[in-house]
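**Student:** Got a predicted model here, sequence first, then my questions.
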Amino acid sequence: MVSILPQSSSSSPCIHFFTATPDPTRSIFKPFIFVDNVKPVPKTQSPSFGDEDPAKQQPRFQNRPDRRHELYQAHQCARSLMKAEEEPGQKLWQTMLDLEKQGVEAMQDILKCEGPVDPSEVVDLFYDCVDTEIKFYK
């Protein structure tokens, strides 16, 4: 996580960048701004196993369920491609860096604006970034 905490203006939002993936050195950071009614991102939430969760059964932890969320799994597959296939992997990595750059530039524009951020413009921000990232990985 990386955060921008503006000091110059009380109306400028705090902007946080998350990877939500296993390797921050080979991940892209996606912007997030706390606003009311922010859209949840199920693709970054570990699956729930309810009563079947090994942590809730007796004896505990007799098996290990896959708790990786959808973005985590997609990122792991993409990392394998980036390691194994030089040209396709490099092309995918460059695409992801370009996507990250677009997010950073959009947040710079928000910070330059006078006045508070319109919550309706950022309520889906992280959700949309995660969705886009997964599409590029597939």
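**Tutor:** Perfect, thanks for sending it.

**Student:** Low-confidence regions, the protein specifically.
**Tutor:** 9 (pLDDT under 70).

**Student:** quick one, strands of it?
**Tutor:** 2-4, 15-18, 30-32 (DSSP state E).

**Student:** Tell me which residues of the first one come out buried.
**Tutor:** What that stands for is strand 2-4. Neighbour counts over strand 2-4 (16 or more other Cβ atoms under 10 Å) mark residue 4 as buried. C-beta: built from backbone N, CA, C; applies to glycine.

**Student:** same question, stretch 56-74
**Tutor:** Buried, per 16+ other Cβ under 10 Å, within stretch 56-74: 69-74.

**Student:** Please identify which two of the residues you listed are farthest apart in space.
**Tutor:** Using Cβ to Cβ, the pair of the buried residues of stretch 56-74 lying farthest apart is 69 and 74, separated by 9.3 Å.

**Student:** picking that back up, which ones among the buried residues of stretch 56-74 map onto helices?
**Tutor:** If you go by DSSP state H, these have 70-74 in helices.

**Student:** Reformat those as CSV; add distance to residue 104.
**Tutor:** Shown next, in CSV, are those (distance: Cβ to Cβ, whole Å):
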residue, distance to residue 104
70, 24
71, 19
72, 22
73, 25
74, 21
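
**Student:** This completes my enquiry, with thanks.
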